[in-house]
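Undergrad: This is the structure alone, sequence omitted:
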């Protein structure tokens, strides 16, 4: 059910963790961050490679900024860029959401979060995140353990609704554990993971992280020695080289 991450300056999130998060929530990714009073939003990533290259470039150049990252597991609305998070509320205010908004509807094309932005948040004053009364009312929409929201403005001010239902780790807040299934064994989000070689689904205990390739490989593919760590292809490695890219590599 999605994963939202609040990354404060100085905190580190590994490529492996981000890839696990994308794998478990692969219906579109995005992120936002503040820069010189401006809110930058990047969204509509449907491959991990495109997401990570853009995120890494922006993070490297803006390490003093606050970043908010979102990986979507769609429940309502189309699986397209329009329904990807973050959503821009005002020019310099945006938000992401994890879960179902209590008592709020959706349409065939738009998710409940997209409609909530249009019908509620965009009609609030620009400084709504600093108004205790408004924040209290917004919390009513996040009144269950699966519903959390992160709001960020262009100055780096942030607000986390239902914060206690997530967890902090080394300067970063996570709405769930889908980023850490392999490292902790906590599969609280449910679902299976795909092997990058055969593309078949497996339980996380049947997969191994291949660091040099930045990919997950199942026990069967590792045993057959047919996973190329250079091009990440399932291929014939019987002669010691990859039949796809020609590199002399192995698991």
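TA: Cool, got the structure. If you're wondering where the values come from, they're calculated on a predicted model, not measured in any experiment.
Undergrad: contacts and neighbour counts: CA atoms only from here.
TA: Fine.
Undergrad: contacting residues around the helix or strand where residue 33 lies?
TA: Residue 33 is part of strand 29-35 when elements are defined by DSSP states H and E. For strand 29-35, the surrounding residues in contact (CA atoms under 8 Å, 6 or more residues apart in numbering) are 22, 39-46, 51, 55, 62, 65-72, 84-86, 94, 152-156.
Undergrad: Start and end of stretch 55-75, how far apart?
TA: 25 Å (CA to CA, to the nearest Å).
Undergrad: swap in stretch 41-57?
TA: OK, stretch 41-57 end separation, CA to CA: 14 Å.
Undergrad: can you pull the contacts of the most centrally placed residue in the chain?
TA: The structure's the chain has its C-alpha centroid closest to residue 71; by CA atoms, centre = their mean the separation is 2.6 Å. Residue 71 makes contact with 2, 3, 4, 21, 22, 25, 26, 27, 28, 29, 30, 85, according to CA under 8 Å, 6+ apart.
Undergrad: do the same with residue 26
TA: By CA under 8 Å, 6+ apart, the contact list for residue 26 reads 46, 47, 71, 72, 73.
Undergrad: C-terminal to the strand holding residue 33, what's the next element?
TA: strand 38-45.
Undergrad: Over the helix or strand that that following strand is followed by, what's the mean pLDDT, rounded is fine.
TA: With elements assigned by DSSP H and E, the helix or strand that comes after strand 38-45 is helix 48-61. The average pLDDT for helix 48-61 rounds to 96.
Undergrad: contacting residues around helix 48-61?
TA: 15, 19, 22, 29, 30, 31, 45.
Undergrad: and the third one, helix, strand or coil?
TA: For residue 22, the secondary-structure state derived from DSSP: H, G, I helix; E, B strand; the rest coil is helix.
Undergrad: Next one, pLDDT for the closest residue to it other than its chain neighbours please.
TA: Distances taken as CA to CA, 6 or more residues apart in numbering place residue 71 nearest to residue 22, at 5.9 Å, with adjacent residues excluded. Residue 71 is assigned 96 on the pLDDT scale.
Undergrad: quick one: strands adjacent to the strand holding residue 33?
TA: Paired neighbours of strand 29-35 in the sheet (DSSP bridges): strand 38-45 (antiparallel), strand 67-71 (antiparallel).
Undergrad: The shortest one to helix 48-61, inter-axis angle?
TA: In other words, strand 67-71. Here strand 67-71 points in a direction 170 degrees away from that of helix 48-61 (axes from the mean of the first three to the mean of the last three CA atoms, to 10 degrees).
Undergrad: chain center to strand 67-71, what's the gap?
TA: 6 Å (CA atoms, centre = their mean, to the nearest Å).
Undergrad: neighbouring contacts of the helix or strand that that strand is followed by?
TA: With elements assigned by DSSP H and E, the helix or strand that comes after strand 67-71 is strand 87-90. With CA under 8 Å, 6+ apart as the test, strand 87-90 has contacts from 41, 94, 95, 96, 114, 117, 121, 122, 126.
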